[in-house]
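*Asks:* Only the shape, not the letters, is given here:
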């Protein structure tokens, strides 16, 4: 992705958050210059990859595949220094975008439509060998539990949510004509480096073409702490 595309995506998400009157913590508004003098007081942000994360899943077609997200809070299952057992994210899924089918080995999560358009989550059970089972899938959403055929697209309108369990394949999609979507995620600790199992292999962070200076640093770009 071009840095200019990443910068515009961040600005677009900031506008969507403002539209829905969602305020961000201070570190999400820092510029690269602000980061230059940050000490070890802010190691939690660095170590747990809090902040901005823009991904095209390595497929280099961001307008169709990928999304923008912000990790607001997170623990760390690999570092006992951090005691939080939960995480929270905000995600922007643009109309016409999708995020590929995957499951989490360990993480349970609630996916919430916080506002905007209507999202679709297609659900499958893991067959145990990496394939998707043809068995019916248990759906838990907003206090209701019921079975649906494998591959069913569960629609979530603003305010609605679904709970996704470990080994439950799911993707993110949009209903055409309903607009961009602001998504909330409340979950157990998040580890995108080891806990994601994609149905089809994809990348994680985009390859960046530096055609202009960064507007915000991504969560894998922070400089070392200034002693």
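*Replies:* Received the coordinates, thanks. This is a predicted model, so every value here is computed, not measured. Numbers count the residues shown, from 1 in each chain.
*Asks:* Nearest the geometric middle of the protein, what residue?
*Replies:* residue 69 (4.8 Å; CA atoms, centre = their mean).
*Asks:* Would you mind pulling up the elements that the helix or strand harbouring it packs against?
*Replies:* Following DSSP states H and E, one finds residue 69 within strand 67-73. Counting by 3 or more CB pairs under 8 Å, 6 or more residues apart in numbering; DSSP states H and E, the packing neighbours recorded for strand 67-73 are helix 3-19, strand 51-55, strand 86-93. For every residue, glycine as well, the C-beta is placed using N, CA and C.
*Asks:* With distance to residue 107, mean pLDDT and mean neighbour count added, can I get these in CSV?
*Replies:* Shown next, in CSV, are those (distance: least, CB to CB, whole Å; pLDDT from 0 to 100; neighbours: other CB atoms under 10 Å):
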stretch, distance to residue 107, mean pLDDT, mean neighbour count
helix 3-19, 23, 98, 17
strand 51-55, 16, 97, 23
strand 86-93, 8, 98, 20
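*Asks:* Turn these into a markdown table, including distance to residue 174.
*Replies:* Shown next, in a markdown table, are the helices and strands packed on strand 67-73 (distance: least, CB to CB, whole Å):
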| stretch | distance to residue 174 |
| --- | --- |
| helix 3-19 | 13 |
| strand 51-55 | 17 |
| strand 86-93 | 6 |
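*Asks:* residues in contact with the strand holding residue 69?
*Replies:* Residues outside strand 67-73 that contact it (CB atoms under 8 Å, 6 or more residues apart in numbering) are 9-10, 12-13, 24-25, 28, 48-55, 84, 86-94, 97, 99, 172, 185, 190, 219.
*Asks:* buried set for that strand?
*Replies:* 67-73 (16 or more other CB atoms under 10 Å).
*Asks:* So for it, mean pLDDT?
*Replies:* Regarding strand 67-73, the rounded mean pLDDT is 97.
*Asks:* Check which strands are paired with it and give the direction for each one.
*Replies:* strand 51-55 (antiparallel), strand 86-93 (antiparallel) (DSSP bridges).
*Asks:* I appreciate the help and will end here.
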